[in-house]
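1. what's the 3D shape of this:
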Amino acid sequence: MEQLMRDTFLYFAKNRSINQLAKRYGLKFGADRFVAGDSIQPAIATVKELNGQNILATLDHLGEFVSSPEEAKESTDYCLRTLDAIQESGVKSHMSLKMTQLGLDISEQLCMGHMREILTRAREYGNFVRIDMEDFSHNEITLKIFKILREEFGESVGLVIQSYLYKSEADVQELNSLHPNLRIVKGAYKEPDSVAYPNKADVDLNYVNLVKLHLLNGNYTAVASHDERIIHQVKGFVKEQSIPNSQFEFQMLYGISTQLQKELTKQGYTVRVYVPYGNDWFGYFMRRLAERPANVGFVMKSMFK
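-> Next up, the predicted model:
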């Protein structure tokens, strides 16, 4: 039953018509639990609230299905305005983005131009931009572009690696020469067994292995997980290996495990919350429900309030 629900939510996430319908009717049906408003102002207010609890953030203007250069330019402008708003408000936040928003499916050259514009602005502000990893069909091109941008913009840019892919360990090793800042996640897209571990236990095992590998290589690691078992393992590992807290941070999603975020902060760990915003929220929302079916209960309660 759980797998059927997961597959259904992932199907909805990729359905263009349903996405457009949801975009038209705004943040309803419980999505505001996971999405910090449809514009930058409420998103910045959310980050200020998190900062008040000694929690950092990364802002992400949501977007799906960019199909024209004009739409890609609009998404780029939103990213630039997000960086401007972070700078002007003084909040402690990075920015995350998806390169398909910037026209990757239209033209690699178009996307690279937009990425350079964004990273130039981020570098001017002394800020940091994380490139999210998308589905497997975009994996190799994302790695290729990241390597180029890392050479050009240094520590202003980072990347996400997904533990459900068989190839991720080799990717982490290959990227090591660049000493990148990597966020390790489990992965939120429906992929065939030919490229991704079908069993959760294998995904979890690979997750911990990737975190340990990247830390032992001496690189900054964003441990993006709500799994308390995994978090406990990482805490034990860094203590055993005398890895300083300054070399890693725990990352979580807005609206999930808020008490755990506060507890880790009180224990002296760096915690960063991924804060999405925007009216193109539906695909992101469906993937959150697919990742954790328990979230459906929260949504049902919100609908009947």
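2. Now do the one helix or strand Met252 maps to: which elements does it pack against?
-> Using DSSP states H and E, Met252 sits in strand 248-253. For strand 248-253, the packing partners by 3 or more C-beta pairs under 8 Å, 6 or more residues apart in numbering; DSSP states H and E come out as strand 221-224, helix 228-240, helix 258-266, strand 271-277. All C-beta atoms are positioned from the backbone trio N, CA, C, and that covers glycine.
3. Turn those into JSON lines, including mean neighbour count.
-> Compiled in JSON lines, the helices and strands packed on strand 248-253 are given as follows (neighbours: other C-beta atoms under 10 Å):
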{"stretch": "strand 221-224", "mean neighbour count": "25"}
{"stretch": "helix 228-240", "mean neighbour count": "14"}
{"stretch": "helix 258-266", "mean neighbour count": "15"}
{"stretch": "strand 271-277", "mean neighbour count": "24"}
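4. neighbours around Leu159, how many?
-> By other C-beta atoms under 10 Å, 22 other residues sit near Leu159.
5. what sits up against the host helix or strand of it?
-> Leu159 is part of strand 157-162 when elements are defined by DSSP H and E. Residues from elsewhere that reach strand 157-162, judged by C-beta atoms under 8 Å, 6 or more residues apart in numbering: 119, 122, 128-133, 142-143, 146, 149-150, 168, 171-172, 175, 180-187, 210, 222, 224.
6. Report the buried residues of it.
-> Under the neighbour-count criterion of 16 or more other C-beta atoms under 10 Å, strand 157-162 has Val157, Gly158, Leu159, Val160, Ile161, Gln162 buried.
7. Among these, give me the pair with the biggest separation.
-> Spatial extent of the buried residues of strand 157-162 (C-beta to C-beta) is set by the pair Val157 and Gln162 at 17.8 Å.
8. Setting the sequence-adjacent residues aside, check what's closest to Leu143.
-> If the residues on either side of it in the chain are set aside, Leu143 comes closest to Asp171, at 6.3 Å by C-beta to C-beta, 6 or more residues apart in numbering.
9. And that neighbour, how close does it get to Ala45?
-> Asp171 sits 37 Å away from Ala45, taking C-beta to C-beta, to the nearest Å as the criterion.
10. quick one, which of the two is more surrounded?
-> Taking neighbours as other C-beta under 10 Å, Asp171 and Ala45 compare with Asp171 leading, 19 against 14.
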